[in-house]
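K.L.:
Turn this into a structure:
(one chain, ligands or ions: 2)
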Amino acid sequence: MSITAQGAQAPEQTRSGACCCASRSGRPETPAVATVTDTRAQDMARVPGGSFVMGSESFYREERPLRRASVEAFWIDPHPVTNAQFQTFIEATGYVTLAERAPDPALYPDADPALLAAGSLVFIKPSQPVGLRDHSAWWAYVPGACWRHPEGPDSSIAGRETHPVVHIGHADAEAYAAWAGKSLPTEAEWEFAARGGLDNAIYPWGDDPAPDGKIMANTWQGRFPWENLAEDGYEGTSPVRTYPANGYGLYDVVGNVWEWTSSLYERTEGQAEGETKACCLPGNAADLDIRLAVKGGSHLCAPNYCLRYRPAARQGQTLDTSTSHIGFRCVLRDTS
Ligand SMILES: [Ca+2]
Ligand SMILES: [Ca+2]
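P.N.:
Ligands and ions are numbered 1, 2, ... in the order given. Coordinates of the predicted model:
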């Protein structure tokens, strides 16, 4: 194939992804064949194809059953897309993210009007112990919160250029991927990549949560959600590459931010309605039925409450939801 600049081929895709709410569930066109000389693969990591055991039967029910899956070889971003990378995309395209657009009241007839301002869900640490059943004790819909203003209008990403971008809806991630000539990973691709070549290990680095006492990812230490000891150095997101890479050279696969995939999240047999909501992943104003799998856990995952900083862990996220701990990374397939 000819080598083209990544931004040159997709302006129409990008604009169509930005134009209106209807595009939120739209899919970008499939990228062309990638080769090792493809400029799009520059700075990406190569993951060999293979067969592996997906899922886990040792933790949460939604990870079951163990099943064999296989993936073809592919390229993947070595870390989640950063604020600086996302800013380059925005400057090149003028794209406006989901969180920056006011929801259409017609789509949310039962919604509190206060929730129909442009905004996003922000984690706000309670000042004292709270019950763990009521997500609203630590999640707030903050008007004006978006990728540029992660905690709300008065906050900014200055100094956080190398942190993962957050407050990204699924369509936002797909729009970025289309612009870059890439795709979002399937859940199987993501999990295979995150395992780094270690079959059946609990974590991307093995079974010990902290080998030789070394902190391997940005998670939550302390009693969620009111006590964040930040023993890993960060209460919120952290610069990518802060912690060791896995066997495929991938950083921040677990912890830091959850990452979107392109795969539908299906309820496991026996899993009742209402149990699909993660302890830390609230739905948005309208609880739309379609959910896609997000992977890897985030800086809000605490071992005593949400031990989801593992390759097998998964949650279902509604397409119209953005939060302060969901980002993404892209893949590039050899053939599509
Ligand atoms: Ca942390
Ligand atoms: Ca992650």
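K.L.:
quick one, helices of the protein?
P.N.:
Along the chain, counting by DSSP state H, helices occupy 11-18, 83-93, 170-179, 187-195.
K.L.:
which stretch among these comes nearest residue 131?
P.N.:
helix 170-179 (30.1 Å; C-beta to C-beta). Every residue, glycine included, has its C-beta placed from N, CA and C.
K.L.:
could you dump that closest one to CSV, C-alpha only?
P.N.:
Extracted C-alpha coordinates of helix 170-179, given in CSV (Å, rounded to 0.1, in the frame of the first residue of the first chain):
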residue,chain,number,x,y,z
HIS,A,170,-17.6,5.7,22.6
ALA,A,171,-18.2,7.7,19.5
ASP,A,172,-15.4,10.1,20.5
ALA,A,173,-13.0,7.2,20.7
GLU,A,174,-14.2,5.9,17.4
ALA,A,175,-13.8,9.4,15.8
TYR,A,176,-10.3,9.6,17.0
ALA,A,177,-9.5,6.1,15.7
ALA,A,178,-11.0,6.9,12.3
TRP,A,179,-8.9,10.1,12.0
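K.L.:
Tell me how many other residues crowd residue 214.
P.N.:
Number of residues near residue 214 (other C-beta atoms under 10 Å) recorded here: 10.
K.L.:
which ones are touching it?
P.N.:
Residues counted as contacts of residue 214 (C-beta atoms under 8 Å, 6 or more residues apart in numbering) are residue 244.
K.L.:
isn't residue 105 right next to residue 112, touching?
P.N.:
No: applying C-beta atoms under 8 Å, one finds residue 105 not in contact with residue 112, separated by 11.0 Å.
K.L.:
ok, residue 108 touching residue 116?
P.N.:
Yes: counting by C-beta under 8 Å, residue 108 does reach residue 116; the two are 6.5 Å apart.
K.L.:
Low-confidence stretches in the chain?
P.N.:
1-37, 267-288, 336 (pLDDT under 70).
K.L.:
mind checking the longest strand of it?
P.N.:
strand 258-264 (DSSP state E).
K.L.:
what's it packed up against?
P.N.:
Identification of packing neighbours for strand 258-264 by 3 or more C-beta pairs under 8 Å, 6 or more residues apart in numbering; DSSP states H and E yields helix 170-179, helix 187-195, strand 291-295, strand 314-318, strand 326-327.
K.L.:
possible to save the helices of the chain as a markdown table with distance to residue 326 and mean neighbour count?
P.N.:
As requested, these are exported to a markdown table (distance: least, C-beta to C-beta, whole Å; neighbours: other C-beta atoms under 10 Å):
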| stretch | distance to residue 326 | mean neighbour count |
| --- | --- | --- |
| helix 11-18 | 18 | 17 |
| helix 83-93 | 13 | 18 |
| helix 170-179 | 9 | 26 |
| helix 187-195 | 14 | 25 |
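K.L.:
Quick check: nearest residue in space to the residue of the stretch 51-200 of the chain found nearest ligand 2, chain neighbours excluded?
P.N.:
With C-beta to the ion, the shortest gap between the stretch 51-200 of the chain and ligand 2 falls at residue 80, namely 5.9 Å. Excluding its sequence neighbours, the residue lying closest to residue 80 (C-beta to C-beta, 6 or more residues apart in numbering) is residue 164, at 3.7 Å.
K.L.:
Test my guess that that neighbour contacts residue 252.
P.N.:
Yes: using C-beta under 8 Å, residue 164 makes contact with residue 252 at a distance of 6.9 Å.
K.L.:
can you tell if stretch 235-253 touches ligand 1?
P.N.:
No: judged by C-beta under 5 Å from the ion, stretch 235-253 stays clear of ligand 1, getting no closer than 6.0 Å.
K.L.:
Would you confirm that residue 167 contacts residue 328?
P.N.:
No: using C-beta under 8 Å, residue 167 is not in contact with residue 328; the gap is 11.5 Å.
K.L.:
ok, which residues in the stretch 101-250 of the chain are in contact with ligand 1?
P.N.:
Near ligand 1, when you scan the stretch 101-250 of the chain using C-beta under 5 Å from the ion, you find 218, 232, 234.
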